[in-house]
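1. how does the following fold in three dimensions:
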Amino acid sequence: MDMQAEAERRKRAMILDSQGERESAVNKAEGLKSAAILKAEGEAATILAKAQATAKGIKLLAHSIAEPNGKEAVSLRVAEQYVTAFGEIAQKGNTILLPANASDPSAMVAQALGIFQSLSNTRSAEAHAEVENPRISTTPSEPAPPVEFHLKN
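-> Next comes the predicted model:
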């Protein structure tokens with residue numbers, strides 16, 4: 001009789017242990033699932049916030065360009081970025097692309113402004129052409145191709 005009671009206690013202990021292990025595994029799985037869901041929701045919120053900030057910035061920029069002297073400010077900024085980009089390329093690698101007249105910085109700035117003006121005029125002409133005759137299209141003039149130099153160390 002004592003042996004039967006001992007066997008019954010062991011059986012109940014084993015059942016309780018297995019139930020505890022099962023509940024532990026379920027809790028861990030649910031925790032991992034919740035963590036994955038929260039992480040995905042956080043990433044989605046980050047993407048949405050970045051997209052909204054970008055859209056807001058683009059609207060602000062478009063509004064600023066439409067103001068008096070806005071196009072001149074854009075032209076100046078484009079020229080600054082054009083010259084800065086060439087400076088950074090020259091410092092980072094041993095291959096550099098330069099316009100044909102790289103020895104004249106004012107010509108480089110003029111070329112950058114010309115590209116911006118060409119794009120600006122093309123977009124205006126395309127918008128105007130679509131209003132008058134949707135079949136007419138214009139293409140921007142192409143800038144002079146860059147010259148490639150390979151520098152040796």
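
2. the protein: strands as residue ranges?
-> Counting by DSSP state E, the chain has strands at residues 95-98, 147-150.

3. lowest average pLDDT across these?
-> Per-stretch mean pLDDT for the strands of the chain is lowest at strand 147-150 (a mean of 51).

4. what's the burial count for residue 86?
-> Close neighbours of residue 86, defined as other C-beta atoms under 10 Å, add up to 19. Bear in mind the C-beta positions are built from the backbone N, C-alpha and C, glycine included.

5. where does the chain have low pLDDT?
-> Under the criterion pLDDT under 70, the flagged ranges of the chain are 89-105, 108, 116, 119-153.

6. could you chop it up by domain?
-> Per the record's domain assignment (automatic domain parsing), the chain is made up of the domains 1-67, 69-153.

7. residues in contact with stretch 58-67?
-> Taking contacts as C-beta atoms under 8 Å, 6 or more residues apart in numbering, the residues outside stretch 58-67 that touch it are 70, 71, 73, 74.

8. need the CA coordinates for it. PDB is fine.
-> Backbone C-alpha positions of stretch 58-67 (Å, rounded to 0.1, in the frame of the first residue of the first chain) are rendered in PDB as follows:
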ATOM      1  CA  ILE A  58       9.600  68.700 -50.000                       C
ATOM      2  CA  LYS A  59       6.400  70.800 -49.600                       C
ATOM      3  CA  LEU A  60       8.400  73.400 -47.700                       C
ATOM      4  CA  LEU A  61      11.100  73.400 -50.400                       C
ATOM      5  CA  ALA A  62       8.600  73.700 -53.200                       C
ATOM      6  CA  HIS A  63       6.900  76.700 -51.400                       C
ATOM      7  CA  SER A  64      10.300  78.400 -50.900                       C
ATOM      8  CA  ILE A  65      11.300  78.000 -54.500                       C
ATOM      9  CA  ALA A  66       8.000  79.600 -55.600                       C
ATOM     10  CA  GLU A  67       8.800  82.700 -53.500                       C
END
